[in-house]
Each structure stands twice: as structure tokens, then as C-alpha cells.
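*Asks:* Please find the sequence and the predicted model below.
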Amino acid sequence: HPAFVLRPDGRSYSAVLAIHIARAYAFATGRLKPFQWPKAIIEPGAKALKALAEITASPLPIAIDTETRGTDAMLVPNMAMGIGNRELAVSLPWDSYVAAKGEVVVQIDAQHRRAVRAALVGLQLKVFQNAQHDILALERAELELKGEIFDLLVAHAVVAPGIKHDLGT
């Protein structure tokens, strides 16, 4: 509530409120389009390869997210990764989740791995929610990352330093 910002314990939220007011005004005046989720492909195959090629060829910033078992970025294999921009997103396992149980797994074929590697080394801006975790996971999987990096978790700390910044918040 906006009145919360006026209280002594709520002043650290003033920057967040200002951003929300600016976005609401931009939306009301037609300068900000309604949010739409990008088309998402979650099955390995020809559609995923085509989408990865389109993401890599586009100049739009690329969002990258890795999911590992638990909170430890070092628990690879068992990593899944999402790569996308505002138009397309692909979410693929890097290794099968059953690999942790010691079962025989079929890894993503070489075409998918090449396509993922190409997206990571493109010169587009790379956007992460928690870059430290994701970059550790990418390095552990021996994946190279190039281009400028923008970390939303760090940006949030800069915009509103008085607010908690952990993922649980």
C-alpha cells in the first residue's frame, strides 16, 4: 500500500513504489504494452533447435536460467536450462534428472548442445535472475559464456537497498 512507504519501516520501498507508478502511467498512456509470455518449447527436437537458432540470431537480450538439484550450482549433471528472449523460450534438460540415481541416461543429442553453446556465446546481453548461481552451474557443465551480463538480483539491490534480496523474499 502506498501509505506503507510513508512509515519509518517502509521508506526503503519508496524506489519500488516510484517504479510501479511510472510503469502504471506508461501502461495507461499506451507506452507500455501488456506483458505476454513468450512462446515456450520444452521438448527436445526440431522445434527446440529452430527456436534456439532464432534466439541466437536475434539482437534481443537473452534470458538464461539454470535449474540444478537443490540450491547447489555444483550439482551437475542434473541441470536443466532455460534460454529465451521476449519472443521465444526453450527449456531443456542438459542431462536427465535420473542421472543422480546412477541410472543409464540418454543425454541431449549433439545438435541441441551445439545450439545451446551458440546461444551462450552470442554477443547479446545476457540477463540472469541470480547470475552467480547460474554462471557457476554453466562453468561446472563446461559451458562458455560471452557477452555483457545483467543480474536482476544485483539490480534489485541497487534500486532498493533496504529490501531483502534473497530468492525466498
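*Replies:* Sure, I can see it.

*Asks:* Tell me the helices and strands packed up against the helix ranked longest in the chain.
*Replies:* Of all the elements of type helix in the chain, the one with the most residues (DSSP state H) is helix 14-28. Helix 14-28 sits against helix 2-6, helix 152-159, with contacts defined as 3 or more C-beta pairs under 8 Å, 6 or more residues apart in numbering; DSSP states H and E. For glycine as for every other residue, the C-beta is placed from the backbone atoms N, C-alpha and C.

*Asks:* Tell me which of the ones you listed sits nearest to Gly30.
*Replies:* Nearest of the helices and strands packed on helix 14-28 to Gly30, taken as C-beta to C-beta: helix 2-6 at 23.6 Å.

*Asks:* pLDDT on that closest one, on average?
*Replies:* Across helix 2-6, the average pLDDT comes to 77.

*Asks:* next one: stretch 48-57
*Replies:* Here stretch 48-57 scores 94 as its mean pLDDT.

*Asks:* same deal with stretch 111-131?
*Replies:* 90.

*Asks:* before we move on, the earlier item: of the helices and strands packed on helix 14-28, which approaches Arg114 most closely?
*Replies:* Ranking these by proximity to Arg114 (C-beta to C-beta) places helix 152-159 first, at 27.9 Å.
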